[in-house]
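1. Structural data only, the sequence is not supplied:
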């Protein structure tokens, strides 16, 4: 085991998740990550760092349970819940199967992983940290993402009661709430819409993965050791 311990990063094969994996590997953590499929970019990181990857279908109860067992066995010091997927479309016409998949992936799976990590931390006397990656959709309404937004909001809702429960064990839990930044989830945004977003953002630009990773680094390093039960919005001021 590394001197820093083990960091679990869910949804770590591409985009923001891959950047988070790289960040904690560079900080000296042994990283355990999961996603539906591997990527060449993740394979390149695994050749450089101590990174373990597992295939997980977050919508499957069996797959979630297997990942929970992996988390327990890893005895993590950190859990970064980045796993998620989005289904766009009007809520009134969204099929029930889609609703259930979105809620399972964005709410049930992270909750199961939080429970596994918290149990391991408490059982092993580890003053660990948990960070959820949420979404701007939880604090500002947008058409076509109701199921996704409500599922992400549910995970944010866990932060405050769990800060109370886990604080006596030295375990901190927070959420980061990114605004718009280039990712697979925002790839469908048109150029005109991107321009509108920039114009509405006080800081005049879209976010970057580095902006989000920087906030996670702050929460999980020495300057953030007195912060728990919070949601940190990283959106350039667009929700002001």
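-> Here it is on my side, so go on. Note that this is a predicted model, so its numbers are computed, not measured. Numbering: from 1, shown residues only.
2. And the helix or strand where residue 164 lies, what's buried?
-> Using DSSP states H and E, residue 164 maps to helix 146-166. Buried residues in helix 146-166, defined by neighbour count with 16 or more other C-beta atoms under 10 Å: 146-156, 158-159, 162-163, 166. Quick note: C-beta positions are derived from backbone N, CA and C, even for glycine.
3. next one: stretch 19-35
-> Using 16+ other C-beta under 10 Å as the test for burial, stretch 19-35 gives 19-25, 29-35.
4. could these go into JSON lines alongside pLDDT, secondary structure and distance to residue 54?
-> Below are the buried residues of stretch 19-35 laid out as JSON lines (pLDDT from 0 to 100; DSSP: H, G, I helix; E, B strand; the rest coil; distance: C-beta to C-beta, whole Å):
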{"residue": "19", "pLDDT": "97", "secondary structure": "helix", "distance to residue 54": "19"}
{"residue": "20", "pLDDT": "98", "secondary structure": "helix", "distance to residue 54": "16"}
{"residue": "21", "pLDDT": "98", "secondary structure": "helix", "distance to residue 54": "13"}
{"residue": "22", "pLDDT": "98", "secondary structure": "helix", "distance to residue 54": "18"}
{"residue": "23", "pLDDT": "97", "secondary structure": "helix", "distance to residue 54": "19"}
{"residue": "24", "pLDDT": "98", "secondary structure": "helix", "distance to residue 54": "16"}
{"residue": "25", "pLDDT": "97", "secondary structure": "helix", "distance to residue 54": "16"}
{"residue": "29", "pLDDT": "97", "secondary structure": "coil", "distance to residue 54": "16"}
{"residue": "30", "pLDDT": "97", "secondary structure": "strand", "distance to residue 54": "14"}
{"residue": "31", "pLDDT": "98", "secondary structure": "strand", "distance to residue 54": "12"}
{"residue": "32", "pLDDT": "98", "secondary structure": "strand", "distance to residue 54": "7"}
{"residue": "33", "pLDDT": "98", "secondary structure": "strand", "distance to residue 54": "8"}
{"residue": "34", "pLDDT": "97", "secondary structure": "strand", "distance to residue 54": "4"}
{"residue": "35", "pLDDT": "96", "secondary structure": "strand", "distance to residue 54": "8"}
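5. Could you single out the nearest of the residues you listed to residue 79?
-> In terms of C-beta to C-beta, no member of those lies closer to residue 79 than residue 32, at 9.7 Å.
6. ranges for the strands of this structure?
-> Secondary structure of the chain (DSSP state E): strands at 6-10, 30-35, 51-55, 78-81, 129-133, 172-178, 231-234.
7. Let's have the ones you listed in TSV, adding distance to residue 42.
-> Shown next, in TSV, are the strands of the chain (distance: least, C-beta to C-beta, whole Å):
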stretch	distance to residue 42
strand 6-10	11
strand 30-35	7
strand 51-55	6
strand 78-81	15
strand 129-133	17
strand 172-178	21
strand 231-234	24
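8. And the helix holding residue 164, what does it pack against?
-> Other helices and strands packing on helix 146-166, by 3 or more C-beta pairs under 8 Å, 6 or more residues apart in numbering; DSSP states H and E, are helix 96-103, helix 109-123, strand 129-133, strand 172-178.
9. Name the residues of the last one that are buried.
-> Neighbour counts over strand 172-178 (16+ other C-beta under 10 Å) mark 172, 173, 174, 175, 176, 177, 178 as buried.
10. what's the angle from the helix holding residue 164 to helix 109-123?
-> 10 degrees (axes from the mean of the first three to the mean of the last three C-alpha atoms, to 10 degrees).
11. Show me the contact partners of helix 146-166.
-> Residues from elsewhere that reach helix 146-166 (C-beta atoms under 8 Å, 6 or more residues apart in numbering): 81, 84-87, 91, 94, 98-99, 102-103, 105-107, 110-111, 114, 118, 121-122, 130, 132, 134-135, 137-138, 141-142, 172-175, 177, 228-231.
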